[in-house]
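>>> could you work out the structure for the sequence below:
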Amino acid sequence: MMISTRWLSALLLTTHLRCSYASLRARDGGVRHEDANRVLQEAQDGEFLIKFTEYDYDYHELGLGIEIAEAGNRRPRKRSRNIQLSDGTIYEVKNARSGWASGLKSGNNHVHIPRGVVLSSNGTIDMMGQALIPSEAVGQGLFNRNLEEGDEDSDATVRRQLQRSIGTRTVLVVRVILDDGRYDTADQNGLSNDVFGNGVDSNNLSSQYAACSANQLLFQKSPNRRMSFNPNDGGTTDINNGVVDIKVPNSISAGDGVIRNEVTTKLNSVFGVGSPVELADHVMYCLPTGTLAGIAYAYINSWNSVYSNEWCNSVSSQMHEIGHNLGFGHANEDGTTYADQTGIMGYSFGSDDFPRMCFNAAQSWQTQWYTSSQETRAHVIKIDDSSSTDVYIAFNRQIGINADTVEAGNEVTVDRAGGEGSSYSETELLAKLVAGERWSGVIDGKTMIVNVLTINTFASPAYASIRISENGNSCRMANPTTTAPSSEPTPAPSTFRPSSASPTSASPTSASPTSASPTSESPTSASPASVSPTIPPTYFPTLIPTSSTDPLTSVSPSTSTQPSLTPSASASPTSTVNPSSAYPSTSVPPSPPSEVSRNTPTMPPKCRPRTSRSMFQ
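Numbering: from 1, shown residues only. Now for the predicted structure:
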């Protein structure tokens, strides 16, 4: 088990299947009709996707006219497995052999579709009892692309997450018009403002992702584009300001599965593309009220999200569903889906501008937005279990870009999540802690205890000092030998391994310390940070409060003119703790400066204070 720390700020799984459209023919070999079932005549490759539909029907007032779903009265979410064809149309899988999707990851795995399956105009694919086989098992990937061995290993997963969560991505918003209804919450300009801001709307999909990511993930409008073919249907328009109107000849009662695929087909036809992904990285479909049996849904690790009317304008709904596209799962609490409201992957809100909120601890780690930041105090801590489920700790600062966090504001939060912190997983909020409170949990057979020592919201930036100990062991002292510290921080994450046995290598060695030169600065003298999570690097270690021999007792900050010799968070924004019987050299706390007595005791890494600084300054 390792404990890692990162700078972090605090979505749905789908199955994609792609196949050549030319191979889809009517059962009699004649002309294919849009309203007819179609039989796949040749086997094809595809991509696996999962979809969760959000059902938020019953609300109570949160205040200021804001509504939030009432958990006790909500309909259960719907989870479906789907395949996407090469033209972007998506079909829900029916009557497939049991267990066919075991081990498949939405948006990451490809499947081999056997011949003879039936594609229905209602948005389903009838597998006729057959299974969708992973393409790797037959030696080829999507569209006959050869897959290298190890293509789905953890390194590849991390690379894919980086590709999705860092960089500039385009968004196209589609206002859908039907024969008997239309999206009518806002005109094209108003909808564009609610998604992209345009200097008019201060809190929207584009602005909040930019703020939460420290400008590492930017959403921009898809380029203006004229129609290649004008259907003259009295509704369809060119793409302008990131928004387009698409009219399809159908009614609300047809349902979202049918309407979604008809919109996709119309986009392809009108703009002369093979799939909507040629128009933008993410495409949002805004449907008329009553078309969708829920408020919104999205496909995990994919491009498409679908909304019921006004929910297309809601900043929380936008961030939540696009978050699923990026690979984030739901944030849960006490076994209730969406109940963790410390971040945006919980409930959505019926407001176009509320709330200003980012992601919870586990999802913030997953974003990898802050690994390049250099700061001596940790912002998110990961306790790495030997299983794929790990524990994450963060200080949920209620300020600036996170000012509207609905739960546990200015408290230390403890989350549990799978996916090794690099891929899709739902999260569970385990604890919300104020100063003086603690959480304990068994990880790798050892009881890990997290004590919140102090929370200082008056410092700039604000911080919470916490102690992580193993099996409740007291903090014993050792006499170190010392060397002068390096003038530069170690660039790589540091690692320490707490153990119940007394360490034999806890004393500093001649190796360069893992943190920068200590000074006498107190935490309150740190350079102020901006409201963005971005904080310029500093080379001063955190002055950690001194500790009693009892890891569970409260402590007070040292008033000495010399820095505390208690180890602080790594100079790198990431580090990992792994319970073990030995301590690596990187676990040694920073050596004191030469003027400090060599006989001054220092704390072994059995009981480690950490300072978790908020990323929301």
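>>> am I right that Q318 sits in a helix?
Yes: the assignment for Q318 is a helix, going by DSSP: H, G, I helix; E, B strand; the rest coil.
>>> let me see the contact set for it.
In this structure, Q318 makes contact with 195, 204-205, 284, 312, judged by C-beta atoms under 8 Å, 6 or more residues apart in numbering. Placement of C-beta: from N, CA and C, glycine included.
>>> closest to R175 out of these?
Taking C-beta to C-beta as the measure, R175 sits nearest to C312 out of the contacts of Q318, at 8.3 Å.
>>> so what's the backbone phi/psi at that closest one?
The phi/psi pair for C312 (degrees, to the nearest 10) reads phi -70, psi -20.
>>> use 539 as the first number for this chain going forward.
Sure, I'll start counting at 539 from here, so that last one is C850.
>>> sorry, back to before: how about the contacts of Q856 in TSV, adding secondary structure?
Converted to TSV, the contacts of Q856 look like this (three-state DSSP):
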residue	secondary structure
V733	helix
N742	coil
L743	helix
M822	strand
C850	helix
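>>> tell me the one of the residues you listed nearest Y930?
L743 (24.8 Å).
>>> how about the nearest residue to that closest one, chain neighbours excluded?
Q856 (4.1 Å; C-beta to C-beta, 6 or more residues apart in numbering).
>>> pLDDT weak spots in the protein?
539-574, 593-616, 674-701, 909-915, 1010, 1012-1155 (pLDDT under 70).
>>> what residue spans form the domains of it?
559-686, 700-871 (automatic domain parsing).
>>> those domains: which one's closest to V929?
V929 lies closest, by C-beta to C-beta, to one member of these: domain 700-871, at 14.8 Å.
>>> where exactly do the helices run in the chain?
Listed in chain order, the helices of the chain (DSSP state H) span 692-703, 726-734, 743-750, 794-809, 853-864, 899-905.
>>> which of those is buried the deepest?
Comparing these by mean neighbour count (mean count of other C-beta atoms under 10 Å), helix 899-905 ranks first with a mean of 31.
>>> send me that one as CSV with only the CA atoms.
The C-alpha trace of helix 899-905 is given here as CSV (Å, rounded to 0.1, in the frame of the first residue of the first chain):
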residue,chain,number,x,y,z
ALA,A,899,-10.5,14.2,-4.0
ALA,A,900,-10.4,10.9,-5.9
GLN,A,901,-11.5,12.4,-9.2
SER,A,902,-9.1,15.4,-8.8
TRP,A,903,-6.3,12.8,-8.6
GLN,A,904,-7.6,11.2,-11.8
THR,A,905,-7.5,14.4,-13.8
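>>> so what touches that helix?
Helix 899-905 is contacted by residues 542, 544, 546-548, 699, 703, 751, 755, 861, 865-867, 869, 880-881, 883, 896-897, 908, 918, 920, 928, 930-932, 934, 951-955, 957, 959-961, 963, 965, 1153 when judged by C-beta under 8 Å, 6+ apart.
>>> among the residues you listed, which lie within strands?
542, 544, 755, 869, 918, 920, 928, 930-932, 934, 951-955, 965 (DSSP state E).
>>> about what we covered before: out of the contacts of Q856, the closest to S658 would be?
M822 (25.0 Å).
>>> now do the contacts for that closest one.
Residues in contact with M822 (C-beta under 8 Å, 6+ apart) are 709-712, 733, 843-845, 850, 856, 859-860.
>>> repeat that with 6 Å
Residues counted as contacts of M822 (C-beta atoms under 6 Å, 6 or more residues apart in numbering) are 711, 843.
>>> again, but for the one 3 residues further on
Counting by C-beta under 6 Å, 6+ apart, L825 makes contact with 714, 846.
>>> so it bridges to which residues?
Per DSSP bridges, the residues bridged to L825 are S846.
>>> look up how far Y721 lies from it.
Distance of L825 to Y721, computed by C-beta to C-beta, to the nearest Å: 6 Å.
>>> who touches both of the two?
With contacts taken as C-beta under 6 Å, 6+ apart, the residues that reach both L825 and Y721 are V714.
>>> rewinding a little: got the helices of the chain as JSON lines, with distance to V988 columns?
Shown next, in JSON lines, are the helices of the chain (distance: least, C-beta to C-beta, whole Å):
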{"stretch": "helix 692-703", "distance to V988": "26"}
{"stretch": "helix 726-734", "distance to V988": "39"}
{"stretch": "helix 743-750", "distance to V988": "24"}
{"stretch": "helix 794-809", "distance to V988": "44"}
{"stretch": "helix 853-864", "distance to V988": "27"}
{"stretch": "helix 899-905", "distance to V988": "12"}
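>>> from F767, how far out is the residue nearest to L743?
Q856 is 30 Å from F767, by C-beta to C-beta.
>>> over to I784?
Using C-beta to C-beta, I784 is found at 13 Å from F767.
>>> higher neighbour count, those two?
Per other C-beta atoms under 10 Å, whichever of I784 and F767 has more neighbours is I784, with 23 against 10.
>>> identify the residues contacting the more buried one.
I784 sits next to 712, 714, 774, 801, 804 when contact means C-beta under 6 Å, 6+ apart.
>>> doesn't H820 make contact with the first one?
No: in this structure, V712 is not within contact of H820 by C-beta atoms under 6 Å, at 11.1 Å.
>>> who has more neighbours out of these two?
Each of V712 and H820 has its neighbours counted (other C-beta under 10 Å); V712 has more, 27 against 24.
>>> so what's R954 closest to, chain neighbours aside?
Leaving aside its sequence neighbours, R954 sits nearest to E966 (C-beta to C-beta, 6+ apart; 4.7 Å).
>>> correct me, but the one you found touches D872?
No: in this structure, E966 is not within contact of D872 by C-beta under 6 Å, at 8.5 Å.
>>> out of the two, which sits in the busier spot?
The residue with more neighbours, out of E966 and D872, is E966; 23 against 10, by other C-beta under 10 Å.
>>> partners of that one in the sheet?
Taking DSSP bridges as the rule, E966 bridges to N870, R954.
>>> also V714?
So, taking DSSP bridges as the rule, V714 has I784 as bridge partners.
>>> burial of the nearest residue to A973 once chain neighbours are set aside, as a residue count?
Spatial nearest neighbour of A973, chain neighbours left out: I993 (4.7 Å); criterion: C-beta to C-beta, 6+ apart. Applying other C-beta under 10 Å, we find 22 residues neighbouring I993.
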